[in-house]
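1. Give the three-dimensional model of this entry:
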Amino acid sequence: MNRFLGIQRRNPWAYMNTTFLKDSTTILSGSQIILYDQSRQKCQAGRYKVTLKRNRPLTYEQANKPCYIGVRKGWNSWNTSSLVGVSMTSEVTIDDIFIRKFLAGTWHRLFLSEVIIKRRANMIHIGGIVNQAIPARKYYWLIGYTEELLSNLLKCPVKIDVQTTADRNALIYKYI
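-> Just a heads-up that it's a prediction; the model follows:
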């Protein structure tokens, strides 16, 4: 183990001179040593990595940074359960996760966009863009089946609003 890291047992400070920490910045303050290496400086949350060939397709909402939520793009779940003093916050979150997993299994590979869940009073509205891969009568059956089953499971009316598109590439905003 010590041989691979370049650490010598005799000198406890020898690891500072090894090649894997060569480009790191060291800050000494009193008795504390803080190491900042380049791998920690490259961390970004909520952003998609650029590929070498720039062949990863992104939709408009995926292409925007998370700081633009509410400005250029919207939330995927619209509810008032996260406000101060409102009960059933965790139940609403679990319901949203259940709805997303149920739709991923029932509408297998048909949703092209993110599933949008809006709660208005006692009613749940589910929206998204769907691929026209199957006949229209099967879509009507899937909509009725999903609305009926989710209404019985969640004990509130559920309405599904989907839009269809024939081309999967119609939603691609840019490639990274």
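2. C-alpha from now on. contacts and neighbour counts both.
-> Noted.
3. Now do the same contact list for the residue positioned nearest the centre of the chain.
-> Geometric centre of the chain, nearest residue: Gly46, 7.7 Å, by C-alpha atoms, centre = their mean. Contacts for Gly46 (C-alpha atoms under 8 Å, 6 or more residues apart in numbering) come out as Lys65, Pro66.
4. again, but for Ile116
-> Listed by C-alpha under 8 Å, 6+ apart, the contact partners of Ile116 are Trp75, Asn76, Ser77, Trp78, Ile126, Gly127, Gly128.
5. Any chance of TSV for those, columns pLDDT and distance to Trp107?
-> Shown next, in TSV, are the contacts of Ile116 (pLDDT from 0 to 100; distance: C-alpha to C-alpha, whole Å):
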residue	pLDDT	distance to Trp107
Trp75	75	21
Asn76	73	18
Ser77	75	19
Trp78	72	21
Ile126	94	13
Gly127	93	13
Gly128	92	11
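6. so which of those residues comes closest to Gly144?
-> Ile126 (12.8 Å; C-alpha to C-alpha).
7. The closest one contacts Gln163, doesn't it?
-> No: judged on C-alpha atoms under 8 Å, Ile126 makes no contact with Gln163 at a distance of 11.3 Å.
8. Look at these two and report which has more neighbours.
-> Each of Ile126 and Gln163 has its neighbours counted (other C-alpha atoms under 10 Å); Ile126 has more, 20 against 11.
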